[in-house]
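Engineer: 3D, please:
(2 chains)
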Amino acid sequence: MKKIPLIIDCDPGHDDAIALLIALASDKFDLKGITTVGGNQTVEKTTANALKILELVGKTDVPVVRGRSNPMMSKLRVAEDVHGKSGMDGPVLPEPSAQPLDMNVVEFIAEQVEKSVDPFVLVAVGPFTNIGTFLLAYPHLHKKIEKIHVMGGGVYEGNRSQLAEFNVWNDPEAAKVVTDSKIPVHFFGLDVTHKALIRQDEFHLFREEKGPIFQFVADLLDFYSICYVNERKLEGCPMHDSCAVASLIDPHMFTGHESYIDVDIEGTKTRGACVVDLRAKERRLGEDNGIFYMNVDRLKFLKLIIDSCHKLEQELKN
Amino acid sequence: MRKNILIDFDPGIDDTIALLMAFASDKLNIVGLTTVFGNNSVEVTTKNALILNDFFNLSTVVHKGASKGLFLPNKNFGDFHGKNGMGNVDFKQPVSVETNEYAWDVIYREAKKFNGELTIVTLGPLTNVAIALFKYEDLNQYVKEIIMMAGTTTIGNERPFSEANVVSDPHAMQVVLNSGIPLTMIGLNATETTRMTEEEHDVMLDKKEEILPEIRGMLRHYKNIQNTLGSPGMVIHDAAAIFAVIEPDSAQSEMFNVEVELTNNAMFGRTIVDIRRHSKLPKNCRVVERIDKDRYLKTLHETLLWKGN
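Structural biologist: Okay, here's the model as predicted:
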């Protein structure tokens, strides 16, 4: 089977880290690179974290490119309360020995998209600053992108405000560039990601496996649960960003609605919220431009994460 | 020494006169032209830039830029500058073609090349400059200054308090205002100080056989539409702005904090110039208040007699 040419734009990030593990374990992808963005932490820190993860799994051949540090119209607001000072607190990994590729992030994306024979897929699981800038700066390459899988938004709930989710809230204008592009967007928002949990009573499934990757995930979960279990009262840790990757491996794991999706950039209460028009087609504000996912087969999803860890452990041993 | 400028524009009738004034001047070195939507679609404004390049033998390069505002839907282009953006004056199809480099990449490349000695002059929406600032986070280190025909401190044109270049892409203007690059805003309040009376117009245009018929035709359209919309005489906004670039000491200005209203209401695209004397907001923009009209008219007169290279 043909591999999907892919770039993952992320801000690791606990859930980003697990999303990256799934992608790195899968043989479905031709992962052209990981681009980083300021989000959960500053771009310097998210870049270091991406490099650390690659070194942990022994896949330093995947290029990492550091992206934009601040949203389009404002200064970045990091999520230190969720992800800690390093952006990936909990696991202790050695400082990376590799450096990110010295290249303008959108030029890197453009180069990869341009030379790809097959339709390209972008996965964006941080604020959409890099992807938005790429779309603005390279209008002629839009047609080469098959779809964009994003973690962001929510129909009925937010986390940074009543209705705005962190990634969209941080850079609503960039998110709007993505939805305005008319490239099909697959949205994994809080409605579904809060169902994509690793429950606290399942953490032992990782801790009991002795390999470094399982231990890494167990450490991530322990730290991440301080926010999500103790403070936000969920039953476990939501694997937000992993949804955007897992759905490329098994599309049937998730269900959602085809819809017209827009981003509000000016509401006094709703700035950074997604406008997901779920009314009958005849009433919608515009042409359908994507799918907004609402449900996940959680056990299948959990199994994919565990299988991915096993596969990476096996590859490490070989 | 000539001032190195890159002109980002959307020709446009007044853009045309501004371009001629720039090329006729011995005080500027024009490193290139970048085009943007605004007065018309970017396809039309690019074609018009190429037409001017051919017609006046400018030997310059044209680079195409953005087709719409950053976060806005496609704009409906009015008839202010005629169907073809050139006052419905017929020109031959251009022979020269635009480069295949995007406007924002050229802005960065030239800024870096001139390393602090490039002035960017914008006569249309600020979209190209904003995309350049998005793509190149270090651009602000290399640009000497940006001089913008944009905004107003008083009344607007497209909306009660909003000027057309800003309304076309208010977010882009705000991105530029946030950039830290030294900025000068030449708004409607300033260009209006160069408005010609009917008599001045007649003296300059109607009795001068030496003016090319194409230019005369474009300006006739421009004057008529202004008169139809309730403004007597004629002001050539972009030309007034370029004049202030050529002769900076002819422009009276002051530093203010400037922000743009970004909410889509009646004030959308208003440049909010904080004139309060006790304002604590950072003064991020030089705002031109007056332009010496006599000196401007003299330069305009010379420009209208210029026949190209």
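Engineer: For the rest of this, base every contact and every neighbour count on C-alpha atoms.
Structural biologist: Fine.
Engineer: Tell me, how many residues neighbour residue B:292?
Structural biologist: Residues near residue B:292, counting by other Cα atoms under 10 Å in any protein chain shown, number 18.
Engineer: got the phi/psi numbers for it?
Structural biologist: The phi/psi pair for residue B:292 (degrees, to the nearest 10) reads phi -70, psi 110.
Engineer: Hmm, residue B:250 and it touching each other?
Structural biologist: Yes - at 5.2 Å, residue B:292 counts as touching residue B:250 under the criterion of Cα atoms under 8 Å.
Engineer: What about residue B:52, how many residues nearby?
Structural biologist: 21.
Engineer: who's sitting farthest from the centroid in the chain?
Structural biologist: Chain wasn't specified; assuming chain A. Going by Cα atoms, centre = their mean, the residue of chain A most distant from its centre is residue A:282, 32.1 Å out.
Engineer: oops, chain B please
Structural biologist: Outermost in chain B, Cα atoms, centre = their mean: residue B:278 at 31.5 Å.
Engineer: Using the three-state scheme, assign that residue.
Structural biologist: coil (DSSP: H, G, I helix; E, B strand; the rest coil).
Engineer: Relative to residue B:257, how far out is it?
Structural biologist: Plainly put, residue B:278 is 12 Å away from residue B:257 if you go by Cα to Cα, to the nearest Å.
Engineer: can you check residue B:73 too?
Structural biologist: 29 Å.
Engineer: same deal with residue A:43?
Structural biologist: 30 Å.
Engineer: Of the two, which one has the most company?
Structural biologist: Neighbours were tallied for residue A:43 and for residue B:257 using other Cα under 10 Å; the higher tally belongs to residue A:43 (24 against 20).
Engineer: isn't that one right next to residue A:36, touching?
Structural biologist: Yes - using Cα under 8 Å, residue A:43 makes contact with residue A:36 at a distance of 6.5 Å.
Engineer: The stretch 151-300 of chain A against chain B: which residues are in contact?
Structural biologist: Within the stretch 151-300 of chain A, the positions lying close to chain B (Cα under 8 Å from any Cα of the partner chain) are A:173, A:176, A:177, A:180, A:266.
Engineer: Helices - which of the residues you listed land there?
Structural biologist: Counting by DSSP state H, those place A:173, A:176, A:177, A:180 in helices.
Engineer: In the sheet, which residues pair with the nearest residue to the last one once chain neighbours are set aside? Tell me.
Structural biologist: Counting by Cα to Cα, 6 or more residues apart in numbering or on different chains, the nearest residue to residue A:180 once its immediate chain neighbours are dropped is residue A:262, at 7.2 Å. According to DSSP bridges, the residues that bridge with residue A:262 are residue A:275.
Engineer: Show the contacting residues for whatever residue of chain A ends up closest to chain B.
Structural biologist: Using Cα to the nearest Cα, the single residue of chain A nearest to chain B is residue A:266, 5.6 Å away. By Cα atoms under 8 Å, 6 or more residues apart in numbering or on different chains, residue A:266 lies in contact with B:262, B:263, B:264.
Engineer: The stretch 51-200 of chain B: helices as residue ranges?
Structural biologist: Listed in chain order, the helices of the stretch 51-200 of chain B (DSSP state H, counting those that start in this stretch) span B:103-114, B:127-135, B:164-168, B:170-177, B:188-191, B:198-201.
Engineer: which parts of the second one are buried?
Structural biologist: With burial defined by 16 or more other Cα atoms under 10 Å in any protein chain shown, the residues of helix B:127-135 counted as buried are B:127, B:128, B:129, B:130, B:131, B:132, B:133, B:134, B:135.
Engineer: Quick check: the closest residue in space to the fourth one that isn't next to it in sequence vs residue A:65, distance?
Structural biologist: Okay, so that is residue B:130. Spatial nearest neighbour of residue B:130, excluding adjacent residues (Cα to Cα, 6+ apart): residue B:172 at 5.2 Å. Distance from residue B:172 to residue A:65, counting by Cα to Cα: 26 Å.
Engineer: go on, residue A:26?
Structural biologist: 21 Å.
Engineer: picking up where we left off before, okay, and the common contacts of residue A:43 and residue A:36?
Structural biologist: In contact with both residue A:43 and residue A:36: A:11, A:66, A:67, A:68, using Cα under 8 Å, 6+ apart.
Engineer: near chain A, which residues of the stretch 101-250 of chain B show up?
Structural biologist: B:102, B:104, B:131, B:134, B:135, B:136, B:137, B:171, B:174, B:175.
Engineer: Please name the residues that touch the third one.
Structural biologist: Meaning residue B:131. Residue B:131 touches A:133, A:136, A:137, B:104, counting by Cα under 8 Å, 6+ apart.
Engineer: picking that back up, which of the contacts of residue A:266 come close to chain A?
Structural biologist: Counting by Cα under 8 Å from any Cα, the members of the contacts of residue A:266 near chain A are B:262, B:263, B:264.
Engineer: For chain B, which residues score under the pLDDT cut-off?
Structural biologist: B:207-208 (pLDDT under 70).
Engineer: Could you find the closest non-adjacent residue to residue A:296?
Structural biologist: Residue A:296 sits nearest to residue A:254 (Cα to Cα, 6+ apart), 4.5 Å away.
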